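**Student:** Return a 3D structure for these sequence lines:
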Amino acid sequence: VTLYQIQTKYRDEERPRAGLLRCREFVMKDSYSFNVDDAGLEAAYQAHRGAYQRIFNRLGVEYVICTAMSGPMGGSASEEFLAVSPAGEDTFVRSTESDYAANVEAVRIPAPPEQSISDHAEMITVSTPHAGTIEELVTCLHEAGHTTVTADHTLKTLMVKTRQPGGEWVPMGIGIPGDRELEQKRLEAAFDPAEVALFEAEDFAKYPFIKKGYIGPIELLNNDIEYYVDPRAVTGTSWVIGGGEVDTHRLHAVVGRDFIPTGVLDVATIHEGDPALDGNGTLTLARGIEIGHIFQLGRKYAEALGLKVLDQNGKLQTVTMGSYGIGVTRALAAIAEGNHDEKGLIWPRNLAPADVHIVITNKDAQSHEYAETLSTELEGAGVQVLLDDRLKTSPGVKFGDAELLGVPTILVIGRGF
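**Tutor:** Got it, this is the predicted structure:
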């Protein structure tokens, strides 16, 4: 069974913005599928996916289908339909050589192959006075003769705290390459439904052995604080890490030899040119407007609601659900973003409020009679007509309004019509 509605919705948006893209009140197409088994859910999901592709193709929207995080909705699979637009509030990546695309929360970086832990120099501690940032560290090491070190050779440790709903805050270290930053959206998605926040001054005060600017994995792990690393920090890779004491760092720290991370967290910023997860091409960054989202919800809500049916063998089964939505108002805005010039809208013909916009520039009765006749004939032939027959409005104002409205064909009835 699939149920759907097209309905006005309300969202308690703190700051409505970006025209129709972020409103408190908006029009939404929602549908939900209910199936006996996972195969049925997959079929319903693919049917919706195909329908959405046909809808957005007909709308003439340049869009991509991005792998997405399910977030609070839950479920096993989730994809977003993003209209490509610099006005979009969502950042996504796509491959230069395949159809792989994902939003920044869901993109994954392929891990390089593991290396031998014995093919490296011994770890050493070096003095790095006043080198609390990556830029200062690289400069300091160059001045000390370690001229081959660059920012991406360093493993920057950032402290966060997490807590499960109703639980206590727990500290955690995350190591990412020094040429990257922590991506907040990816961080939150990785820990959802738990909360996560960066360390603040009072947090550092609780743990005096954590020296801000010089944090290293060894001290954290020795003090039973979990330490997660970027996927690039595989066994056998060598890094510059914090020395655990002010003004010190360690060189040639090898993963798997000098420290063993608790696990892997892919939460660093994505850079243009990063390898695509499917192995084809590199990633490019773009912005998009979310106009559709589809989820395989599974049995999360069905179990909570007790939605059971008899299967073909007469046994009670909890149904499995899918959820699918199109932002109708957002789609309208996305189409407008992609179809305009400096004067106003340029509607695609199959979406325009009319096929022909008739503008009368003369005020004589003959011009108006002819325009009325022409309008009636066109409508009789199945052509939708917008007739501007205002008598006290100048031609310039009429032309300006026509440009704003963006009907594909403007027919001017002037002298000598």
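**Student:** Only C-alpha atoms from now on, for both contacts and neighbour counts.
**Tutor:** OK.
**Student:** What's the separation between the nearest residue to Leu391 once chain neighbours are set aside and Glu403?
**Tutor:** Leaving aside its sequence neighbours, Leu391 sits nearest to Lys363 (Cα to Cα, 6 or more residues apart in numbering; 6.2 Å). Note on Lys363: its distance to Glu403, by Cα to Cα, to the nearest Å, is 21 Å.
**Student:** how about the strands of the stretch 101-250 of the chain, start to end?
**Tutor:** Assignment of strands within the stretch 101-250 of the chain using DSSP state E, counting those that start in this stretch yields the ranges 101-103, 124-127, 155-163, 170-177, 195-198, 227-229, 238-242, 248-254.
**Student:** buried ones in stretch 81-99?
**Tutor:** Residues 81-85, 88, 90-96 are the ones in stretch 81-99 that count as buried (16 or more other Cα atoms under 10 Å).
**Student:** Let's see the pLDDT reported for the closest residue to Gln184 other than its chain neighbours.
**Tutor:** The spatially closest residue to Gln184, leaving aside those adjacent along the chain, is Val267, at 7.8 Å (Cα to Cα, 6+ apart). At Val267, the model reports a pLDDT of 93.
**Student:** ditto for Thr96
**Tutor:** Confidence score, pLDDT, at Thr96: 90.
**Student:** Low-confidence stretches in the stretch 101-250 of the chain?
**Tutor:** Scanning the stretch 101-250 of the chain for pLDDT under 70 picks out nothing.
**Student:** The longest strand along the chain pairs with which strands, and in what direction?
**Tutor:** Counting by DSSP state E, the longest strand found in the chain is strand 283-298. Strand 283-298 has the following strand partners under DSSP bridges: strand 77-84 (antiparallel), strand 90-95 (antiparallel), strand 320-327 (antiparallel).
**Student:** Which of those sits closest to Glu342?
**Tutor:** strand 77-84 (19.3 Å; Cα to Cα).
**Student:** Need the residue closest to the centroid of the chain.
**Tutor:** Among the residues of the chain, the one closest to the centroid is Asn103, at 3.5 Å (Cα atoms, centre = their mean).
**Student:** which residues does it contact?
**Tutor:** Going by Cα atoms under 8 Å, 6 or more residues apart in numbering, Asn103 touches 66-68, 90-93.
**Student:** if we go to 10 Å?
**Tutor:** Asn103 is in contact with 65-69, 79-80, 82, 90-94, 185-186, 285-288, counting by Cα atoms under 10 Å, 6 or more residues apart in numbering.
**Student:** ok, it to Phe92 distance?
**Tutor:** Per Cα to Cα, Asn103 is found 4 Å from Phe92.
**Student:** what touches both of these two?
**Tutor:** Counting by Cα under 10 Å, 6+ apart, the contacts common to Asn103 and Phe92 are 66-68, 82, 285-288.
**Student:** Using CSV, lay out these together with pLDDT and distance to Glu202.
**Tutor:** Formatted as CSV, the shared contacts of Asn103 and Phe92 follow (pLDDT from 0 to 100; distance: Cα to Cα, whole Å):
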residue, pLDDT, distance to Glu202
Cys66, 90, 39
Thr67, 84, 38
Ala68, 82, 35
Leu82, 93, 41
Leu285, 91, 36
Ala286, 90, 38
Arg287, 91, 37
Gly288, 91, 38
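**Student:** Ala205: how many residues sit nearby?
**Tutor:** Residues near Ala205, counting by other Cα atoms under 10 Å, number 11.
**Student:** With Gly279 instead?
**Tutor:** Gly279 - counted by other Cα under 10 Å - has 12 other residues nearby.
**Student:** phi, psi of it?
**Tutor:** As for Gly279, its main-chain torsions (degrees, to the nearest 10) stand at phi 80, psi 0.
**Student:** hang on, it packs against Ser95?
**Tutor:** Yes. Counting by Cα atoms under 10 Å, Gly279 does reach Ser95; the two are 9.3 Å apart.
**Student:** Report the contact partners of Val246.
**Tutor:** Neighbours of Val246 in contact, by Cα under 10 Å, 6+ apart: 127-132, 210-215.
**Student:** now the helices for the protein?
**Tutor:** Using DSSP state H, the helices of the chain run over 38-59, 134-143, 184-191, 201-206, 217-222, 300-305, 328-338, 365-380, 395-405.
**Student:** so of those helices, which one's packed in deepest?
**Tutor:** helix 328-338 (a mean of 20; mean count of other Cα atoms under 10 Å).
**Student:** which helices and strands sit right next to it?
**Tutor:** Secondary-structure packing of helix 328-338 (3 or more Cα pairs under 10 Å, 6 or more residues apart in numbering; DSSP states H and E): strand 2-10, strand 25-35, helix 38-59, strand 77-84, strand 283-298, strand 344-345.
**Student:** As a markdown table, these with distance to Ala197 would be great.
**Tutor:** Compiled in a markdown table, those are given as follows (distance: least, Cα to Cα, whole Å):
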| stretch | distance to Ala197 |
| --- | --- |
| strand 2-10 | 29 |
| strand 25-35 | 31 |
| helix 38-59 | 35 |
| strand 77-84 | 25 |
| strand 283-298 | 26 |
| strand 344-345 | 43 |
